[in-house]
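J.: The following block contains a protein sequence and its predicted model.
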Amino acid sequence: MKKTLFILAIMILCVSLVACVQQSKPQPVNKEESQQTSGDSTQSNSTDEKVKILNAATYWMSDNAEPTKSWNGWVVARFGAGENLIQLDENMRFKPVIAESWEQVDELTTVFNIREGIKFHNGNLVDSKACKASIERALEITNRDDVKLPIESITAEGQKLTIKTSEVIPTLINLLADPVYIIVDVSVSDEVDFSLTPICTGPFKITEYETGVGIKLEKNKDYWKSPVDVDVINVKLIKDTSARAMALQSGEVDFVTALNRKDLGLFEGKDEFVVQRGPNLRVAFLALNMNKSYMQKSEFRQALAYGIDKKTYAKELYDATMAKGPFNETLSFGYKGEDYYSYDPDKARELLDKIGYIDKNGDGIREIDGKNIVLQYATLSHFGRDAANTGVAMQSQYKEIGLGLEITQYENLSDIANSKEFDIIWDRWTSTPTADPQYLFETAYKTGSKANRGNYSNPEFDAICEELANTLKKEDRDKLGVKGSEILMEDAGIIFLFYLEGSVVTRSNVEGIHRFVSDIYHIDERVKMK
């Protein structure tokens, strides 16, 4: 009964808090678009042929379409415009794309065989020289240090591309599958604005890119793999989850992703919709500010972990899966044991008492040097309900163990981290976009890494990162992934909350849509409209 009342109280508080957060509204639909989207998503042209138009809604789009910058390439890849030498399929397996095969000749050298007959969106042929120029351009101008490669040489001869690194890079294939390395036609990069219309090889080509509004794509009539069924894709940016659901219900769009549990219930079991849902790679976690003296005490961090009921958060607030470590256990390097610090408020209080953090004035809040311990919880307003709801739930449960918590939402997470005023940052990452543990370890938790928000540092964990940098065999890398996860969990320098679920919902006349576990892709050449 007590637990039920707690959940109800949290949900009421969450609704109150979230109501204060301004939500993005769906973009207005003009008259022409309304005519295209009412009922049948087709439009007659002058020859009485039906133009197949797929209207989609996305929750996020980058500032522009230049794939080498930040995570812009995700948008280019998601809607079928950009392709790499190799990509991850919907089940996280590598598949040949522009490269029909590859072979690792030695520890430093890999040879890729480029398919014959592939054309860029402008009709130019793709050969090894074009791929070489594209990869070199990405290496030169990308601002993504996490995917940069130490290349000694790239040679191109006919359809054979040879990449030689200056050091052993066990994740070369993984990194080349990142959208930063989408193959573009560098020969026209001085004439075409790639931030609006990058020239790639995918089944669809971007014809309009309006930041903060949406994207228009048209089919690539010369696509190398198979004829493309859909003629036009209109993508609208609709940030609010419920607004995306309403757009699908009303017929404004035919395809949406990332709906929450409540909104998914509007479509499940109905013949006119197809719902696909399941775990994805996104993990929500708390980064603790290790610059604070109390955070440096392992007992204090453990108390913070014991003090929150992650299982209830995951089940009742998000319909997600409780996280134990950084990777869900369906992955070969995911931790499969018990959680190190399951919910135990009595244990949390015992640890806080042990280190002398007690409530001396009887106001219910423990003190350090006469000052109440009121932790500053920070997150991005962009993360919306997930982050806000977690903060409200934690606020209630931390009060039970004698800790205060203040919640603040910001527009820029880097500014928060740099200020060092926070105690806890709610963050969310795609944990393994390259199907390997090294990316997240080195980017978010290794000592001194750029996105290590809490300034976490552990020599034992750093040693795991060094081993990963020099280990080639997958089974050995998987073991290191598990071992590194165990170190992070036991140390409680990062508190892992839950693994998010991905969802894709389409109208029943849309076929060939797959839910990609990686969340990098949404639409490819298989999409069809009846």
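T.: Right, received. Where do you want to start? Numbering: from 1, shown residues only.
J.: right, and S187 touches A130 too?
T.: Yes - judged on Cβ atoms under 8 Å, S187 makes contact with A130 at a distance of 7.4 Å. Yep, even glycine has a C-beta here, placed from its N, CA and C like the rest.
J.: Which secondary structure elements does the longest strand seen in the chain sit against?
T.: Using DSSP state E to define each element, the chain has its longest strand at strand 273-288. Using 3 or more Cβ pairs under 8 Å, 6 or more residues apart in numbering; DSSP states H and E, the elements in contact with strand 273-288 are helix 298-306, helix 385-400, strand 424-430, strand 494-507.
J.: Now do it against helix 298-306, angle only.
T.: Angle, strand 273-288 to helix 298-306, by axes from the mean of the first three to the mean of the last three Cα atoms, to 10 degrees: 160 degrees.
J.: Please could you give me each C-alpha atom of strand 273-288, formatted as CSV?
T.: The C-alpha coordinates for strand 273-288 follow below in CSV (Å, rounded to 0.1, in the frame of the first residue of the first chain):
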residue,chain,number,x,y,z
PHE,A,273,-1.7,0.9,-37.3
VAL,A,274,1.5,-1.2,-37.0
VAL,A,275,3.4,-0.9,-33.7
GLN,A,276,7.0,-2.1,-33.3
ARG,A,277,8.6,-1.7,-29.9
GLY,A,278,11.5,-3.1,-27.9
PRO,A,279,14.8,-2.3,-26.1
ASN,A,280,17.2,0.1,-27.8
LEU,A,281,20.7,1.2,-26.8
ARG,A,282,19.8,4.3,-24.9
VAL,A,283,20.8,4.2,-21.2
ALA,A,284,19.7,6.9,-18.7
PHE,A,285,22.2,7.5,-15.9
LEU,A,286,23.2,9.9,-13.1
ALA,A,287,26.7,11.5,-13.3
LEU,A,288,27.9,12.5,-9.9
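J.: Strand partners (parallel or antiparallel) of it?
T.: strand 424-430 (antiparallel), strand 494-507 (antiparallel) (DSSP bridges).
J.: Next, the residues that contact the helix or strand following the shortest one from outside, please.
T.: Pointing back at strand 424-430 there. Following strand 424-430 in sequence order, the next helix or strand is helix 438-440 (DSSP states H and E). Residues from elsewhere that reach helix 438-440, judged by Cβ atoms under 8 Å, 6 or more residues apart in numbering: 146, 170-171, 174, 326-327, 429, 431-433, 465, 468-469, 477.
J.: pLDDT weak spots in the chain?
T.: Applying pLDDT under 70 to the chain flags the ranges 1-49, 382, 384, 413.
J.: most centrally placed residue in it?
T.: Centroid-nearest residue in the chain: T430, 3.6 Å away (criterion: Cα atoms, centre = their mean).
J.: hang on, the earlier thing: make TSV from the strands paired with strand 273-288 and add distance to K315 to it.
T.: Output for the strands paired with strand 273-288, formatted as TSV (distance: least, Cβ to Cβ, whole Å):
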stretch	distance to K315
strand 424-430	18
strand 494-507	9
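J.: Please identify the deepest-packed of those.
T.: Greatest average neighbour count among these goes to strand 494-507 (a mean of 23), per mean count of other Cβ atoms under 10 Å.
J.: where do the helices sit along the stretch 51-200 of the chain?
T.: 72-78, 128-141, 172-176 (DSSP state H, counting those that start in this stretch).
J.: Of all the ones you listed, which one comes closest to T257?
T.: For T257, the closest of the helices of the stretch 51-200 of the chain is helix 72-78, at 8.8 Å, according to Cβ to Cβ.
J.: what's next to that closest one, contact-wise?
T.: Here helix 72-78 has contacts from 58, 60-67, 82-84, 87, 178-180, 182, 198, 200, 202, 206, 215, 520-523, using Cβ under 8 Å, 6+ apart.
J.: Now the buried members of those residues.
T.: 58, 61-62, 64-67, 82-84, 87, 178-180, 182, 198, 200, 202, 206, 215, 520-523 (16 or more other Cβ atoms under 10 Å).
J.: returning to that earlier point: what are the bridge partners for the residue nearest to the centre of the chain, then?
T.: Counting by DSSP bridges, T430 is bridged to R282.
J.: can you tell me which residues contact it?
T.: So T430 contacts 280-282, 518-519 (Cβ under 8 Å, 6+ apart).
J.: quick check, nearest of those residues to K160?
T.: Among those, and counting by Cβ to Cβ, the member closest to K160 is S518, at 28.4 Å.
J.: list the buried ones in the host helix or strand of E460?
T.: Per DSSP H and E, E460 falls inside helix 459-468. Neighbour counts over helix 459-468 (16+ other Cβ under 10 Å) mark 461-462, 464-465, 467-468 as buried.
J.: Check the offset of it from the chain's centre.
T.: 24 Å (Cα atoms, centre = their mean, to the nearest Å).
J.: go on, stretch 182-196?
T.: 25 Å.
J.: contact partners of that stretch?
T.: Counting by Cβ under 8 Å, 6+ apart, 64-67, 73, 76-77, 82-85, 98, 120-122, 124, 126, 130-131, 133-135, 137, 198-201, 206, 208-209 sit against stretch 182-196.
J.: Quick one: end-to-end distance for it.
T.: 15 Å (Cα to Cα, to the nearest Å).
J.: quick one: the residue nearest to the centre of the chain and G454, what's the gap?
T.: Distance of T430 to G454, given as Cβ to Cβ, to the nearest Å: 19 Å.
J.: got it, and V510?
T.: 43 Å.
J.: My guess is A245 contacts V256. True?
T.: Yes - A245 lies in contact with V256 (Cβ under 8 Å); the separation is 7.0 Å.
J.: quick one, which of the two is more surrounded?
T.: V256 (30 against 22; other Cβ atoms under 10 Å).
J.: doesn't A57 make contact with that one?
T.: Yes - contact criterion Cβ under 8 Å: V256 and A57 qualify, at 4.7 Å.
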